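J.: let's see this in three dimensions:
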Amino acid sequence: MEKFLYLSLIFSIFLTNQVAAQLNPVNPVAGGGKVRGTLIDQNSRQPVGYANIIMLPIADTSQIAGGAMTDDRGNFLVDNLPYGRFIAKVSLVGYKSKRLPVIALTPENPEARLGTITFAASSARLQEVQVQGERPTVAYGLDRKVVNVAKDLTSIAGTATDVMKNVPSVTVDADGGISMRGSSNLRILIDGRPTGMVADNQAQILEQIPASSIESVEIITNPSSKFDAEGEGGIINIILKKEKNQGFNGLASVNVGTNNRYNASVGGNYRYRKWNIFGNYDFRKDNRNGYGNQERYTTFEGRTTLLDQDEEETRNFTNNVIKLGTDFSLTNTQTLSASWQYRNRLSKENEEVINRLFSPIQSLQEQYSRNNIENDRSHNSEYTLGYRKTFAKKGRELTADLIYSTATGGENQNFTQRYLVSAETRTPVLERSNTDETNSQLTAQIDYSDPIGEDGRFDAGYKSIISTRDDDYRFEGLNSLTGLWENNPGISNNFIFDQQVHALYATYGNKFNKTSYQLGSRLEYTGNKGVQKALNITAPDTSYLNFFPSVFITQEINKDNQLQVSYSRRINRPGMWDLNPFVDVSDPLNPRGGNPALRPEFSNAFELSQIHYGKNNSGLNTTLFYRKTTDVIQRYRQIIDSVTTFNTDINLASRQAFGLEFIATKNLTRNWKLNGTASAFRNILNGTNEGTNIDNRNFSWTARLNSNLTFWKGLDLQVAANYRSPVLLPQGTMSAIFFTEMALKKDVLNKKGTISFRLNDIFNTMEFNFSQAGENFNSESYRKRQSRIAFIGFSYRFGSTPGQQNRDRNRRNQDNDSDDTNAPELD
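T.: Model prediction:
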């Protein structure tokens, strides 16, 4: 820890000097100069929004005197400029960069009105998308893919989990778990921040985010040093929708689905001058039924027995999510934001398992049922405070964020075990458990970003995550003689887990001719402390300091092709339940326990990508990837006796994954768009555990095809097909999965309302089959949950109309209409 603090001090001194130097630019005196204008597309004559305008002094064009971004009507205003002579540079992905004639600002003529400026689109950057005013399905950055999911119809009325099913590189399992390229060790962010909902797992968090609130998803398969090093598989950053127009705006929706499924949401914001106030509420009720079977042959002391298990479950839950917040512009360069979010989840699950035990001669020895009724509750609150400071130099900014989240809740379970066939008379077994959870997490982060010259950028920052989890588990059995509930101290569990992660990072990027690059380094200190109070075990404190470099290089081959290469180092830390030595016996024949001796796993990842921009809004991205992980954490099954297997986590020697991925988009016609993804990869898993060699090799692939068609008065139809080949497990494989989805959408009421219909798993083919084998055992199992689900919904947008917003914006941007109207057009 002392070493880390020493290095932190050195880094902080360096960062402070850098910030101080950058806060005193070459031209520190800001004058009253202003430059305004309107940017339009040269061909369509439509406004071009979100383009960058930077002002370069004639005396030194390596410096940036100021800049701005066009709004959605193409208008821009660059103010606080010193007096002098400038060149204005206009740039936007999808367009050819443009330099405007020399602009002179003096005390006598402090403002330049450039009028209407035409901007020529480039075929190398999806020209047709920009002309039509639509965003591409997938856009590419130096270190990420940005997937536009706002128009994904198959996730209508769904959650973020449904959105993920149609995102390239991502797969979703039977429990809603997310993986990328075969790895489930990944990090999920919301608007670039950790979710903070420490009591919930990732699947539960995604189930509580309405699909209608998501604008885009950033897939970062090889993250730079700017991001947390946690997550071998990479990072998924969910970008939520934000209303940028002035006045009051909102959206309300309601959806009804099969099997008594309902969800509704309402949200809005009010933006006026320096204030933006927003809030939303989401309600969701869902019911899922499922069933499964397992046949397991076990050889113990020379005898082979068969355990046959049939399982049926019903599950229902309700979610309530409330979010309130505000943004306030302290000055033209400083913004303060604050928000509060509350999530409540109540669920009930009824599970019935029939167990049949057969002797070596296949005769039924014993049969009993075990019923588990589980009630789960969670209450989460998250408080965020953010600060953003921009400077006269375009692109330079300082941000600070503070996030505090708390979670309370738990679950209670009631077990009833009844013997149907037995060699001796047995009374029913009644057991119950109760879990109380109290968790908190504090995240503090500060980031500084500064452009250097025209294309360079330096970023640096510090981040701390401090979390505490306290889980108290009590297990009781009913004494059939006394009729009293008695605590079972051998099963009851109280585990307290504290973790701190402190990090420093710095990245630098620039461009030389047609080559762009970014170099980064990150230093992370991790400290863990665990106490198992029920077993009176204090796990030894563990701490480690690790270095995580990253490298990204992009080479522009020609106007239609780019080549990218990248490298990063990642970590996957064992979680609370991975380290907890407590043994969960809710299923006595398949108990599970943690492993306090687990070590973190480390991975080195390499990628080589080629991006081709074709005509008519087509494109192809091909990526070759390789990842090697050491000290791999994997679930492992051990034989205890003839009917019982124990499940835990162990560190294996290594895992290698390498493969090829394709992402293609094509507009067949103006109204018919296709996009598809395919990924093929090979996993090699090897190691040794208690003298047993593990060597598992598997080739698997995934494919997804989306068809979007607009016909008959704007009716939109989307059909999607998904396939995943068999997947490698530590001791076996999971079989292939195939399913299809479709959705319809029609705008009504002058495009303020939308009617939608969605059908998941049209042919009811989504099921999960597993085949596993190990020393002295082999098993076949399958699980099926209700997946063919239909939804019909209606949404309505209300508030300021686009026409009103445009007129208001024009009035703000024009002191006198005649000046801009009569200004010449710059070509």
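J.: what mean pLDDT would you report for stretch 160-175?
T.: In this model, stretch 160-175 carries a mean pLDDT of 78.
J.: ditto for stretch 743-751
T.: Averaging the model's pLDDT scores along stretch 743-751 yields 90.
J.: return the set of buried residues in it.
T.: The neighbour-count check on stretch 743-751 (16 or more other Cβ atoms under 10 Å) flags A743, L744, K745, D747 as buried. Every residue, glycine included, has its C-beta placed from N, CA and C.
J.: next one: stretch 144-156 to chain centre, how far?
T.: Put simply, stretch 144-156 sits 13 Å off its chain's centre (Cα atoms, centre = their mean, to the nearest Å).
J.: I meant to write stretch 492-512 there.
T.: Relative to the centre of its chain, stretch 492-512 is centred 17 Å away, using Cα atoms, centre = their mean.
J.: average model confidence for it?
T.: For stretch 492-512, mean pLDDT is 91.
J.: may I see the buried residues of the helix or strand hosting F625?
T.: Taking DSSP states H and E as the criterion, F625 maps to strand 619-639. Going by neighbour count (16+ other Cβ under 10 Å), the buried part of strand 619-639 is 619, 621, 623, 625, 627-629, 631-634, 636-639.
J.: same list (the buried residues of stretch 743-751) but as JSON lines, adding distance to G410 and secondary structure.
T.: Output for these, formatted as JSON lines (distance: Cβ to Cβ, whole Å; DSSP: H, G, I helix; E, B strand; the rest coil):
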{"residue": "A743", "distance to G410": "37", "secondary structure": "strand"}
{"residue": "L744", "distance to G410": "42", "secondary structure": "strand"}
{"residue": "K745", "distance to G410": "40", "secondary structure": "strand"}
{"residue": "D747", "distance to G410": "45", "secondary structure": "strand"}
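J.: pLDDT at V585, what is it?
T.: 72.
J.: can you check P596 too?
T.: P596 is given a pLDDT of 81.
J.: how close does it sit to D584?
T.: Relative to D584, P596 is positioned 15 Å away (Cβ to Cβ, to the nearest Å).
J.: give me the next element, helix or strand, following the host helix or strand of I684.
T.: Taking DSSP H and E as the criterion, I684 maps to strand 672-689. Using DSSP H and E, the helix or strand that follows strand 672-689 in sequence is strand 692-711.
J.: output the contacting helices and strands for that next one.
T.: strand 672-689, strand 715-724, strand 727-729 (3 or more Cβ pairs under 8 Å, 6 or more residues apart in numbering; DSSP states H and E).
J.: turn the ones you listed into a markdown table, including mean neighbour count and distance to K752.
T.: Below are those laid out as a markdown table (neighbours: other Cβ atoms under 10 Å; distance: least, Cβ to Cβ, whole Å):
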| stretch | mean neighbour count | distance to K752 |
| --- | --- | --- |
| strand 672-689 | 18 | 25 |
| strand 715-724 | 19 | 16 |
| strand 727-729 | 19 | 45 |
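J.: give the contact list for S339.
T.: Taking Cβ atoms under 8 Å, 6 or more residues apart in numbering as the criterion, S339 is in contact with K323, L324, G325, T326, E382, Y383, T384.
J.: now, of these, which are buried?
T.: Listed as buried from the contacts of S339 are K323, G325, E382, T384; burial here means 16+ other Cβ under 10 Å.
J.: for the second one, which non-adjacent residue is closest in space?
T.: The shortest distance from G325 to any residue that is not its chain neighbour, by Cβ to Cβ, 6 or more residues apart in numbering, is 3.0 Å, and that residue is S339.
J.: quick check: beta-bridge partners of the one you found?
T.: S339 has these beta-bridge partners by DSSP bridges: G325, T384.
J.: and the pLDDT at it?
T.: 94.
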